[in-house]
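> give me the fold of what follows.
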Amino acid sequence: MESKRITVFAGHYGSGKTNIAVNYALKLREKFDKVNIADLDIVNPYFRSKDSEKYLEEKGIHLISSEYANSNVDVPAIPAEAYAIIDDLSLRAVIDVGGDDRGALALGRYVPAILEQNDYEFLLVVNKYRPLTPNCAATLEVMREIETACGMKFTGIVNNSNLGDETDEETVLASVDYANEISSATGLPIRMTTVKEELYDKLKDKVNNCTPIKLYVKQSWAKQEEDLWQK
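So this is what the prediction gives:
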């Protein structure tokens with residue numbers, strides 16, 4: 001996928017956008033000297049790019065996140081340095097947006113400047129195997145909620161359909177029609193279908209835009225579902 005200066009990943013809880021954001025930032029760092037990743041996840045304190053902060057810094061990637069990340073304090077506080085993703089035109093920025101429309105509200109303050117610069121991708125991360133996005137209709141509802149909340153339209157789709165450690169070749173292949181249906185309904189291209197590295201050789205000739213990724217951020221889905229239903 002051709003990179004833009006700013007790449008934004010958003011999606012439903014548990015879609016895997018944080019791990020994709022980390023992978024994408026690391027890939028950008030292979031080509032560009034200055035790469036920042038901004039964690040705007042103000043919704044879910046258990047699933048954050050901050051989990052990979054030390055590794056990212058070792059790779060020369062600066063992480064911007066709330067000082068309350070990975071704490072017991074769930075405060076929607078985004079640091080002022082996040083405006084660097086807008087102001088510093090010399091860097092490549094990756095933005096990890098919190099789940100659903102509430103998380104997208106945090107992105108809204110940056111949207112006018114992002115639109116004005118017009119050098120961005122806004123990617124919807126989808127996962128067929130999550131309880132609240134099992135089909136096209138449900139996923140489109142989530143997509144519209146996010147777009148309305150932040151005031152920006154998606155430009156592409158990332159199919160990250162997986163079952164965690166249980167994901168196999170058939171798991172990915174069974175999600176292709178789902179992703180294609182979303183693409184057809186929205187007119188948005190599928191920029192990536194992500195697969196864990198050990199499956200890449202088996203799938204690269206069967207799935208368009210097949211993209212290998214590593215697992216850098218991991219969370220118990222059971223814990224996440226419990227937190228989701230308590231909100």
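
> got the CA positions of stretch 140-147 in PDB?
Taking C-alpha atoms only, stretch 140-147 is exported to PDB below (Å, rounded to 0.1, in the frame of the first residue of the first chain):
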ATOM      1  CA  LEU A 140     -21.400  -0.600   8.000                       C
ATOM      2  CA  GLU A 141     -23.300   0.600  11.100                       C
ATOM      3  CA  VAL A 142     -20.100   0.800  13.100                       C
ATOM      4  CA  MET A 143     -18.400   2.600  10.100                       C
ATOM      5  CA  ARG A 144     -21.100   5.200   9.900                       C
ATOM      6  CA  GLU A 145     -21.000   5.900  13.600                       C
ATOM      7  CA  ILE A 146     -17.300   6.500  13.500                       C
ATOM      8  CA  GLU A 147     -17.500   8.700  10.400                       C
END
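
> residue ranges for the strands of the chain, please.
For the chain, the strands defined by DSSP state E cover 6-11, 35-40, 61-64, 92-97, 120-126, 156-159, 190-196, 210-213.

> in a markdown table: these, plus mean pLDDT.
Formatted as a markdown table, the strands of the chain follow (pLDDT from 0 to 100):
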| stretch | mean pLDDT |
| --- | --- |
| strand 6-11 | 96 |
| strand 35-40 | 90 |
| strand 61-64 | 91 |
| strand 92-97 | 94 |
| strand 120-126 | 97 |
| strand 156-159 | 98 |
| strand 190-196 | 97 |
| strand 210-213 | 97 |
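
> pLDDT at residue 105, what is it?
With respect to pLDDT, residue 105 scores 86.

> pretty sure it is touching residue 150, no?
Yes: if you go by Cβ atoms under 8 Å, residue 105 and residue 150 touch, sitting 6.9 Å apart. Backbone N, C-alpha and C define where each C-beta goes, glycine included.

> pick out whichever of the two has more residues nearby.
It is residue 150, of residue 105 and residue 150, that has more neighbours when counted by other Cβ atoms under 10 Å, with 24 against 19.

> any idea how far residue 61 is from the most centrally placed residue in the chain?
Centroid check for the chain by Cα atoms, centre = their mean gives residue 17 as the closest residue, at 2.7 Å. According to Cβ to Cβ, to the nearest Å, residue 17 stands 17 Å off from residue 61.

> which helix runs longest in the chain?
The longest helix of the chain (DSSP state H) is helix 136-150.

> okay, the angle between that one and strand 6-11?
130 degrees (axes from the mean of the first three to the mean of the last three Cα atoms, to 10 degrees).

> for this structure, what helix or strand is lowest in average pLDDT?
Across the helices and strands of the chain, mean pLDDT, DSSP states H and E gives its lowest value to helix 221-230, namely a mean of 40.

> low-confidence stretches in the protein?
The chain contains residues with pLDDT under 70 at 41-51, 66-79, 99-100, 217-231.

> and residue 193, how far is that from residue 93?
Taking Cβ to Cβ as the measure, residue 193 falls 24 Å from residue 93.

> show me what residue 211 bridges to in the sheet.
As for beta bridges, residue 211 partners with residue 194 under DSSP bridges.

> who are the contact partners of the residue nearest to the centre of the chain?
By Cβ atoms under 8 Å, 6 or more residues apart in numbering, the contact set of residue 17 is 9-11, 96-97, 125, 158, 160.
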